[in-house]
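# 3D model of this:
(one chain, ligands or ions: 2)
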Amino acid sequence: MKITGARVIVCCPGRNFVTLKLETDEGLTGLGDASLNGRELAVAAYLTEHLVPLLVGRDAHRIEDTWQYLYKGAYWRRGPVTMSAIAAVDTALWDLKAKAAGMPLYQLLGGASRERVLVYAHANGRDIAETVDEVHRQAALGYRAIRAQSGVPGLAKVYGVAADREHSYEPATPGLPKEEDWDTAQYLRHTPKLFEALRNAIGWEHELLHDVHHRLTPIEAARLGKDLEPFRLFWMEDATPAENPEAFRLIRQHTTTPLAVGEVFNTVWDCKPLIEQQLIDFIRTTVVHAGGITHLRRIADLAALYQVRTGSHGATDLSPVCMGAALHFDLWVPNFGIQEHMPHNEATDEVFPHAYRFDGGFMHPGEAPGHGVEIDERLAAKYPYQRAYLPVNRLQRDGTLWDW
Ligand code: CS2
Ligand code: MG
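Ligands and ions are numbered 1, 2, ... in the order given. As a prediction, this is how the structure comes out:
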């Protein structure tokens, strides 16, 4: 099966998505997600200018060789732009191979290790009471695991919290980057109160998660982990910026709250010290930003040696193509932990018809051959690209630029 064409489709049905479509001489097509929030056109250009000319004429079945060719052959390795582009090619090739075999992708990976995939929802509120309501609402939709974020007293705009109740939180906005406020002391005082209120309100049956979004120093993260221990979180995510894996050693020494990290990682090399030194419990890399199914499998296999489980990033800035591929991966991967699930808006679901489904707190990738996600190009063309930026974050006290 030869690749005869490769096209990059950029669309914005509410937010920007970059999709790679491979065509073959057998008439089959394969899709890969290449979306990188706020930097979409960099990946689109990397694909169009550098990878597409290498793909036409190649044997679509040689997934591993193509991965190595694009990774090692570039000389310049790693980074989110490169790895998202490679991921798109890899995902599209797995889609093609599974379609050619007439099987859902999870069957090619080794078959299902479980019946269904546990997912977690988002619950955000401007204050504790609103977050408690929102957790109840998500639980009523069937979710068994819920990530809870709340506004912090005194901070006008903070990560995860929408400006008003009618809208969901949407970090990427058109125009120049919005600014959010931060105050570590307020946050550290407030967050344990949120989880105390949540446990009092919903009891202990549901898993609760929390995303710190890289904002604490290691010793502050250690303090928060300790303060959250009574509420038995499923995980505390991105407690500190993760460029320095040593930071996690300090957090680890002080708390038994499970630690998760990895949505901004791109290769196994980012994950290696954290996994090998047993500094984390969950690795959150996902298909699109970590080199596709081929590379994610290497990360998961390394993690399995140390009882580290997966917890793939699944925010709405990853397209349904990534979600579909991730769910096949999740159904197979032996050391599965949990999958993030933020439902896409209606327009996105229409542009990307898919076989995956949600039922009672779990998802399933479906039985369609390939990863089960397609693109309606005619519809996609109605939603042209719109430049959008993620926010930046400043200390409220003096305006110092902080981690977002
Ligand atoms: C978040 C993301 O889902 C998460 O855990 O951290 O919403 C993240 O902020 C976005 O994916 C950034 O594009
Ligand atoms: Mg996160």
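
# can you list the strands that the strand or helix carrying Leu209 pairs with?
Leu209 is part of strand 207-211, with elements assigned from DSSP states H and E. When pairing is defined by DSSP bridges, strand 207-211 lines up against strand 145-150 (parallel), strand 235-237 (parallel).

# do that strand and ligand 1 meet?
Yes. Using CB under 6 Å from any ligand atom, strand 207-211 comes into contact with ligand 1 via Asp211. All C-beta atoms are positioned from the backbone trio N, CA, C, and that covers glycine.

# which SSE is immediately downstream of that strand?
Sequence-wise, the next helix or strand downstream of strand 207-211 (DSSP H and E) is helix 218-228.

# how about the strands of the stretch 301-404 of the chain, start to end?
Along the stretch 301-404 of the chain, counting by DSSP state E, counting those that start in this stretch, strands occupy 309-310, 339-340, 357-359, 362-364, 388-389, 392-395, 401-402.

# and Leu41, which of these is closest to it?
Leu41 lies closest to strand 388-389 among these, at 11.2 Å (CB to CB).

# mean confidence score for the closest one?
Mean pLDDT, computed over strand 388-389, is 96.

# close to ligand 1, is that strand?
No. Against ligand 1, strand 388-389 shows no contacts by CB under 6 Å from any ligand atom, the least distance being 10.4 Å.

# which strands and helices sit next to that strand?
Helices and strands touching strand 388-389, by 3 or more CB pairs under 8 Å, 6 or more residues apart in numbering; DSSP states H and E, are strand 173-174.

# and the strand it packs on, average pLDDT?
pLDDT averaged over strand 173-174 gives 88.

# for it, packing partners?
Packing partners of strand 173-174 (3+ CB pairs under 8 Å, 6+ apart): strand 388-389.

# between the strands of the stretch 301-404 of the chain, which gets nearest to Ile375?
The closest of the strands of the stretch 301-404 of the chain to Ile375 is strand 357-359. By CB to CB, the value is 18.5 Å.

# strand partners (parallel or antiparallel) of the closest one?
strand 362-364 (antiparallel).

# relative to the whole chain's centre, how far out is the partner strand?
Strand 362-364 sits 16 Å away from the centroid of its parent chain (CA atoms, centre = their mean, to the nearest Å).

# domain map for this protein?
Following automatic domain parsing, one finds the domains of the chain at 3-104, 109-368.

# can I get those in a markdown table including distance to Tyr383 and mean neighbour count?
Output for those, formatted as a markdown table (distance: least, CB to CB, whole Å; neighbours: other CB atoms under 10 Å):
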| stretch | distance to Tyr383 | mean neighbour count |
| --- | --- | --- |
| domain 3-104 | 4 | 20 |
| domain 109-368 | 7 | 20 |
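
# select, out of those domains, the one closest to Arg397.
Closest approach to Arg397 among these (CB to CB): domain 109-368, 6.7 Å.

# relative to ligand 1, which of the strands paired with strand 207-211 is closest?
Closest approach to ligand 1 among these (CB to the nearest ligand atom): strand 235-237, 6.2 Å.

# residue numbers of the protein in contact with ligand 1?
Going by CB under 6 Å from any ligand atom, the residues of the chain near ligand 1 are Asn37, Pro171, Asp211, His213, Glu263, His313, Ala315, Asp317, Glu340, Leu390.

# please name the bridge partners of the third one.
Going back to what we said before, that points to Asp211. Where Asp211 sits in a bridge, its partners, by DSSP bridges, are Glu237.

# state the distance from it to Leu233.
Here the criterion is CB to CB, to the nearest Å. By it, Asp211 lies 11 Å from Leu233.

# the fifth one now?
For Glu263, the distance to Leu233 (CB to CB) stands at 17 Å.

# nearest residue to whichever residue of the stretch 201-350 of the chain sits closest to ligand 1 other than its sequence neighbours?
Taking CB to the nearest ligand atom, ligand 1 has its nearest neighbour within the stretch 201-350 of the chain at Ala315, 3.5 Å off. Counting by CB to CB, 6 or more residues apart in numbering, the nearest residue to Ala315 once its immediate chain neighbours are dropped is Met342, at 5.5 Å.

# make TSV out of the strands paired with strand 207-211 and add mean pLDDT and distance to Gly360.
As requested, these are exported to TSV (pLDDT from 0 to 100; distance: least, CB to CB, whole Å):
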stretch	mean pLDDT	distance to Gly360
strand 145-150	98	12
strand 235-237	98	22
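
# apart from its chain neighbours, what residue comes closest to Pro171?
The shortest distance from Pro171 to any non-neighbouring residue, by CB to CB, 6+ apart, is to Leu390 (5.4 Å).

# residue contacts, that neighbour?
By CB atoms under 8 Å, 6 or more residues apart in numbering, the residues touching Leu390 are Asn37, Gly38, Pro171, Ala172, Pro177, Trp404.

# so how far is the helix or strand bottoming out on mean pLDDT in the chain off the chain centroid?
Each helix and strand of the chain was given a mean pLDDT (mean pLDDT, DSSP states H and E); the minimum falls on strand 173-174 at a mean of 88. How far strand 173-174 lies from its chain's middle: 20 Å, per CA atoms, centre = their mean.

# what pairs with it, and is each one parallel or antiparallel?
Strand 173-174 pairs in its sheet with strand 388-389 (antiparallel), by DSSP bridges.

# remind me what the helix or strand harbouring Thr82 packs against, helices and strands.
Assigned by DSSP H and E, Thr82 falls within helix 80-101. Judged by 3+ CB pairs under 8 Å, 6+ apart, helix 80-101 is in contact with strand 17-24, strand 29-33, helix 40-45, helix 63-72, helix 105-109, helix 292-304, helix 320-332.
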